[in-house]
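**Student:** this one's sequence-less:
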């Protein structure tokens, strides 16, 4: 299992930011390599996401289950992705903390990867993950800066618990 | 095997190429010299739906050695860089690195932009640009931007280049490298002549006064290829020789610093421990060679 984490600061108040993080349309626009996100239910999303390492660009069919949504502070998801010759499962948690007029977001992910991407190793995958997450936060911050309307649509799936095999 | 089916595009300008990338994003792959992409397509690790072949974008094939800066277009072949007399005078590390890439057929077709775009940490130009503090120039349908080599390489074959962006060229400031007191070296260790290097070292030495009995190193640059998952600048090795006349002791410290900094992946013919040792040894040799060349330059220019 690999663990990644990071932090991001936003100029926007936590209550506003929460709406952006829980609006599937915003997530689809900001997630790098994401073609579409479908909301199966308020607690379940499916998406296709392409992650490229060089010219090798597996497209993952991704299922996300919201296991905890304590507005406007904590969002936890269980994520699984399958692509040709690659797969991953992950538990991600994001905490939003008020920081003056803005917000500090801290995130962590525990993940198991298999296939070609697993052969890259923890350090390389860590740099890649940090880059992808930073791009995501930056794009989302830009949406908030522009004042793009966002509506919170996600809530925890009843009785869902996040778990990952070690 | 043969590649999966794809649609083939031949733009003739940067604008046409970036418009195609904007339209197809991650379904499209840029093709320049096709000395790496064709292989991963043939074994179907890569199955792009669209190939944007930029060989017709003639505006990207140039070497411009100006007083302040050297700029090289992305579509310039290794062969052109290898044989450029202007580059050999201004930044001899470029031709030295180019002439050691694979064999002649690869060098005739392979390009600078292709190598930098692939961002293989074993590649020659990534180490050169890291050592020389070069800039990459990038275009997309949204405009142009410049990114420093030190910011560009993020992980193994993973760079700051977005899906809709095209590298148009690279540039290096000449101010830190006055030819009359600067020496450069690019040394590779390879198991066979035309293969990938096990370790490469790119070194620059600028000395204070070539006429002194024991010229002192004003500035050193040292970058390693294939010693980590990105081209590895070793600032501790640079610090070990700066302010020193280059004798055995500072070179040994620099070599130790490079071995320490290296985090190489294991290969079939080279385990990590061996590569760390090589990183140190090639650091020592390349700095020593660069120093000798910095001192020598003046011997040929002063009567």
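**Tutor:** Good, I have the coordinates. Everything quoted here is computed from the prediction, not taken from an experiment. Residues are numbered from 1 along each chain as shown, chains lettered A, B, ... in the order given.
**Student:** Could you pull out the strands in the stretch 201-303 of chain B for me?
**Tutor:** B:217-225, B:232-233 (DSSP state E, counting those that start in this stretch).
**Student:** can you list the weak-confidence ranges in chain B?
**Tutor:** When residues are selected by pLDDT under 70, those of chain B lie in B:298-303.
**Student:** Residue numbers of chain A in contact with chain B?
**Tutor:** Counting by CB under 8 Å from any CB of the partner chain, the residues of chain A close to chain B are A:33, A:50, A:52-57, A:116, A:120-121, A:123-125, A:127-128, A:131. All C-beta atoms are positioned from the backbone trio N, CA, C, and that covers glycine.
**Student:** Please pick the buried ones from these.
**Tutor:** Among the residues of chain A next to chain B, those classed as buried by neighbour count (16 or more other CB atoms under 10 Å in any protein chain shown) are A:33, A:50, A:52-57, A:120, A:123-125, A:127-128, A:131.
**Student:** quick one: stretch B:267-276 to chain centroid distance?
**Tutor:** Remark: stretch B:267-276 is offset 22 Å from the chain centroid, using CA atoms, centre = their mean, to the nearest Å.
**Student:** Break chain B into its domains for me.
**Tutor:** Split into domains by the TED database, chain B comes to B:7-52, B:61-173, B:182-295.
**Student:** how many neighbours does residue B:163 have?
**Tutor:** 18 (other CB atoms under 10 Å in any protein chain shown).
**Student:** hang on, it packs against residue A:52?
**Tutor:** Yes - the pair formed by residue B:163 and residue A:52 meets the contact definition of CB atoms under 8 Å, at 7.1 Å.
**Student:** and for these two, which residues touch both?
**Tutor:** A:33, B:26 (CB atoms under 8 Å, 6 or more residues apart in numbering or on different chains).
**Student:** Would you mark the buried spots in the helix ranked longest in chain A?
**Tutor:** In chain A, taking DSSP state H as the definition, the longest helix is helix A:121-146. Across helix A:121-146, burial judged by 16+ other CB under 10 Å covers A:123-129, A:131-133, A:135-137, A:140-141, A:143-144.
**Student:** quick one: least confident helix or strand in chain A?
**Tutor:** Using mean pLDDT, DSSP states H and E, helix A:121-146 stands out as the lowest-scoring helix or strand of chain A, at a mean of 87.
**Student:** just checking, what packs against it?
**Tutor:** strand A:2-10, helix A:14-21, helix A:24-30, strand A:102-115, strand B:153-155, strand B:158-159 (3 or more CB pairs under 8 Å, 6 or more residues apart in numbering or on different chains; DSSP states H and E).
**Student:** Contacts for the shortest one next, please.
**Tutor:** Same thing as strand B:158-159. A:52, A:53, A:54, A:124, A:127, A:128, A:131, B:117, B:119, B:152, B:153.
**Student:** Quick check: neighbours of it in the sheet, parallel or antiparallel?
**Tutor:** strand B:153-155 (antiparallel) (DSSP bridges).
**Student:** Please list the outside residues in contact with the partner strand.
**Tutor:** A:53, A:120, A:123-125, A:127-128, A:131, B:119, B:121, B:126, B:130, B:159-160, B:229-231.
**Student:** Out of the domains of chain B, which gets nearest to residue A:12?
**Tutor:** domain B:61-173 (24.1 Å; CB to CB).
**Student:** Report how many residues lie close to residue A:158.
**Tutor:** Using other CB under 10 Å: residue A:158 sits among 8 other residues.
**Student:** Just give the nearest non-adjacent residue to it, would you?
**Tutor:** residue A:43 (7.3 Å; CB to CB, 6 or more residues apart in numbering or on different chains).
**Student:** residues touching residue A:76, list them.
**Tutor:** Residue A:76 touches A:66, A:67, A:68, A:69, A:91, A:92, A:93, A:94, A:162, counting by CB under 8 Å, 6+ apart.
**Student:** run the last query once more with 6 Å
**Tutor:** The contact partners of residue A:76, by CB atoms under 6 Å, 6 or more residues apart in numbering or on different chains, come to A:67, A:68, A:93, A:162.
**Student:** List the buried residues of stretch A:102-113.
**Tutor:** Those would be A:102, A:103, A:105, A:107, A:109, A:110, A:111, A:112, A:113, for stretch A:102-113 by 16+ other CB under 10 Å.
**Student:** Tell me how far the spatially most central residue of chain B lies from residue B:23.
**Tutor:** Residue closest to the mean C-alpha point of chain B, counted by CA atoms, centre = their mean, is residue B:125 at 1.4 Å. Residue B:125 sits 29 Å away from residue B:23, going by CB to CB, to the nearest Å.
**Student:** Likewise for residue B:274?
**Tutor:** Counting by CB to CB, the gap from residue B:274 to residue B:23 is 47 Å.
**Student:** swap in residue B:11?
**Tutor:** 11 Å.
**Student:** try residue B:209
**Tutor:** 57 Å.
**Student:** Could you check how far the least confident helix or strand of chain A is from the centre of its chain?
**Tutor:** 9 Å.
**Student:** Strand A:2-10 and that helix, what's the angle between them?
**Tutor:** 20 degrees (axes from the mean of the first three to the mean of the last three CA atoms, to 10 degrees).
**Student:** tilt between helix A:121-146 and strand A:102-115?
**Tutor:** Using the same axes, to 10 degrees: helix A:121-146 against strand A:102-115 is 140 degrees.
**Student:** which other residues reach stretch B:222-238?
**Tutor:** When contacts are defined by CB under 6 Å, 6+ apart, stretch B:222-238 is touched by residues A:124, B:121-122, B:126-127, B:130-131, B:153, B:155-156, B:197, B:199-203, B:220, B:254, B:257-258, B:261-264, B:279, B:283.
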